[in-house]
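A.B. asks: Take a look and give me a structure for this.
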Amino acid sequence: MTDQFDRDAARNDLLILVDGLDRQVGVATKMRAHREGLLHRAFSVVLVCDAPNGCELLLSQRAEGKYHSGGLWANSCCSHPREGEPTIDAAYRRVREELGVEACELREIGSFAYRAAFGNGLVEYEYDHVLVGAYTGELRPDPAEVSATRWISADELARELAERPEDFAAWAYTVLSMVLATL
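C.D. replies: I've put the predicted structure just below:
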């Protein structure tokens, strides 16, 4: 229901509306952008670390109270830059806010656009920048954003994406596949 969205503290943040080439064409509140399905700039961060059996990726399970996709697994962190905020700065900000950590040397590996409509009438229509960064240390997730986290090997993640896509948020398959292709 959209009442979950109405409780989102960032619902009135101004998001950057873009065209199909990611050029700014305006701004809208987060609430308006998602209720009207307006194309806006977003980012998805995947944190990685070296493990004994190779590289692992950090997945986050979205908190049940999120306005969409609650309980589904996704990349480490995702959000929107605010008007006037560079995407990379917004990514560092949200990694701190959502996961309680400092990401190391985030770098963009690509971008894509997607549209997903949800049963509660909200629409994600995003031009999503995908960023990767190395991280080791303690996580301190915000329970309003994240209900669980887990590190997963590239092979296991590829298997889960193929066998249980319904466990993942709408954008996660593309984001995580892009990252897997760079490892």
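A.B. asks: Do I have it right that S153 meets G54?
C.D. replies: Yes. Between S153 and G54 a contact is recorded at 6.2 Å, counting by CB atoms under 8 Å. C-beta here means a position set from N, CA and C on the backbone, and glycine is covered the same way.
A.B. asks: For those two, indicate the residue with more neighbours.
C.D. replies: Legend: neighbour count by other CB atoms under 10 Å for S153 and G54, higher for S153 (14 against 10).
A.B. asks: ok, what's across the strand from that one?
C.D. replies: Beta-bridge pairing for S153 (DSSP bridges): E56.
A.B. asks: which residues in the protein form helices?
C.D. replies: Applying DSSP state H to the chain gives helices spanning 2-6, 30-36, 87-99, 154-163, 172-182.
A.B. asks: Setting the sequence-adjacent residues aside, check what's closest to the residue nearest the centre of the chain.
C.D. replies: Using CA atoms, centre = their mean, the residue of the chain that lies closest to the mean C-alpha position is C78, 2.3 Å off. Nearest non-adjacent residue to C78, counting by CB to CB, 6 or more residues apart in numbering: S44, 4.3 Å away.
A.B. asks: Show me what the one you found is bridged to.
C.D. replies: C78, V130.
A.B. asks: how deep is it tucked in, by neighbour count?
C.D. replies: 27.
A.B. asks: Next up, the contacts around it.
C.D. replies: Counting by CB atoms under 8 Å, 6 or more residues apart in numbering, S44 touches 74-75, 77-78, 128-131, 171, 175.
A.B. asks: now do L58
C.D. replies: So L58 contacts 46-49, 76, 135, 139, 149-151 (CB under 8 Å, 6+ apart).
A.B. asks: how close does it get to V132?
C.D. replies: Per CB to CB, to the nearest Å, L58 is found 11 Å from V132.
A.B. asks: what do those two both touch?
C.D. replies: Residues within reach of L58 and of V132 at once, by CB under 8 Å, 6+ apart, are 46-48.
A.B. asks: Let me know the pLDDT of the residue nearest to S79 when sequence neighbours are not counted.
C.D. replies: With CB to CB, 6+ apart as the measure, R94 is the residue that lies nearest to S79, at 4.2 Å, once sequence neighbours are left out. R94 carries a pLDDT score of 93 in this model.
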